[in-house]
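Q: Prediction below, plus the sequence it came from.
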Amino acid sequence: MQELSKNRLKQISYNCRQATFLIEKKQTSKITLREQFALKFHLAGCSVCRIYLKQSLTINRMVKNLFYGNEPSDLTLDDHFKQNLQERIDQYLDRK
Amino acid sequence: METHRNQFVQLEKAILNPQLWVKNYADYLYNYAYTRLNDDEMARDLVQETFLAALEKTEKFEGRSSERTWLTAILKNKVIDVYRKKSSGLGNSFEKTLSDTDQFEFFDSQNGHWKAEDQPKTFGLEEYDLLGKKELSHILQKCLKKLPGLWLAVFTMKHMDDLASETICSQLNVTDSNFWVIMHRTKVNLRACLQKNWL
């Protein structure tokens, strides 16, 4: 049992696919202590995954900003569509 | 004191103004739907459906949230319905998308290391300082568009809407382990897509 988990630990420690998986999981959920340790160990020795981690966090913020950003979006509905929509609403309100 | 608080509550209570919905919220709602579906026509349809559905249930509006929040909640449910239809209507398309990319090409299948050509490189995405980097978010939007529908659904429900993972799994009928696989693959794909189109 001891041996198995050691192997597993080694596996994660040297495996970028596993490491990036844990990076993602950690951002929105909990990972086990063992996983935390393995990830830390991996990141200490892997500069590429350290870059990945930083970029991954930036992407999260960018995705949020796509919609919740304060800058006005250039995505707007055309006037014709809005006018039709307004007419439908007015009709509905008139009927009431 | 008590009166003061009541007055405050009274002031805060929102009222509905359907005549102004199009003017005030149509673009906002359209953006909401579009960023989550990446489908122009569907986004328009949902905005329209949202207004019509809202008109039907104005009497249910209790004024506890703002008008915009209330309308957005209606739209959000419609977006989830679309996700759900997509994930069930296409049968096992989800399994298909997973196996299609089974190779998960960015990592060596033997040892799990980054393949040399897919290694993350620094290109200014390391710090969240996106002033003057509007282009980057345009690229991001294009990259999101390339994702399989279910991946986009899972990813945006988590990262835009902050929904609980269990909620997303049950609404989209995804298992817990597939959920994490999708989250991981989506991010690795997005990151690679950004790098490819930026450098």
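A: Thanks, I have it. Numbers count the residues shown, from 1 in each chain, chains lettered A, B, ... in the order given.

Q: Just the closest residue of chain B to chain A, please.
A: For chain B and chain A, the shortest gap (C-beta to the nearest C-beta) falls at B:Gly112, measuring 3.5 Å. For glycine as for every other residue, the C-beta is placed from the backbone atoms N, C-alpha and C.

Q: contacting residues for the residue lying closest to B:Trp114 once chain neighbours are set aside?
A: Spatially, and ignoring its direct neighbours in sequence, B:Trp114 is nearest to A:Cys16 (4.9 Å; C-beta to C-beta, 6 or more residues apart in numbering or on different chains). Listed by C-beta atoms under 8 Å, 6 or more residues apart in numbering or on different chains, the contact partners of A:Cys16 are A:His42, A:Cys46, A:Val48, A:Cys49, A:Tyr52, B:Phe107, B:Gly112, B:His113, B:Trp114.

Q: quick one on the thing from earlier: spit out the contact partners of the residue of chain B closest to chain A.
A: Contacts of B:Gly112 by C-beta under 8 Å, 6+ apart are A:Tyr14, A:Asn15, A:Cys16, A:Arg17, A:Gln18.

Q: Could you check how many residues crowd around the closest residue to A:Gln36 other than its chain neighbours?
A: Nearest in space to A:Gln36, with sequence neighbours left out and distances taken as C-beta to C-beta, 6+ apart, is A:Lys26 at 7.7 Å. Using other C-beta atoms under 10 Å in any protein chain shown, the number of residues around A:Lys26 comes to 14.

Q: Need the per-residue pLDDT for A:Lys26.
A: pLDDT for A:Lys26: 95.

Q: ditto for B:Ala14
A: 74.

Q: what's the pLDDT at the residue nearest to B:Trp114?
A: At A:Cys16, pLDDT is 94.

Q: and what of B:Glu127?
A: Here, the pLDDT recorded for B:Glu127 equals 79.

Q: Now for the residue positioned nearest the centre of chain A: which residues touch it?
A: What sits nearest the mean C-alpha location of chain A, by C-alpha atoms, centre = their mean, is A:Asn60, with 4.4 Å. Residues in contact with A:Asn60 (C-beta under 8 Å, 6+ apart) are A:Gln27, B:His159.

Q: Now do the buried residues in the helix or strand hosting it.
A: Take DSSP states H and E as the rule and A:Asn60 turns out to sit in helix A:47-68. Buried residues in helix A:47-68, defined by neighbour count with 16 or more other C-beta atoms under 10 Å in any protein chain shown: A:48-60, A:62-63, A:65-67.

Q: quick one, helices of chain B?
A: For chain B, the helices defined by DSSP state H cover B:2-12, B:21-37, B:40-56, B:67-89, B:93-100, B:134-145, B:149-159, B:165-172, B:176-198.

Q: now those as a markdown table including distance to chain A?
A: Converted to a markdown table, the helices of chain B look like this (distance: least, C-beta to the nearest C-beta, whole Å):
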| stretch | distance to chain A |
| --- | --- |
| helix B:2-12 | 22 |
| helix B:21-37 | 5 |
| helix B:40-56 | 5 |
| helix B:67-89 | 11 |
| helix B:93-100 | 15 |
| helix B:134-145 | 6 |
| helix B:149-159 | 5 |
| helix B:165-172 | 6 |
| helix B:176-198 | 5 |
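
Q: Out of the ones you listed, flag the one nearest B:Glu126.
A: helix B:176-198 (11.3 Å; C-beta to C-beta).

Q: May I see the buried residues of the closest one?
A: Applying 16+ other C-beta under 10 Å to helix B:176-198 flags B:178-195 as buried.

Q: Leaving out chain neighbours, which residue sits closest to the residue nearest the centre of chain B?
A: In chain B, the centroid-proximal residue (C-alpha atoms, centre = their mean) is B:Thr156; its distance is 3.0 Å. Nearest residue to B:Thr156, sequence neighbours excluded (C-beta to C-beta, 6+ apart): B:Arg36, at 4.9 Å.

Q: No further queries at this time; thank you.
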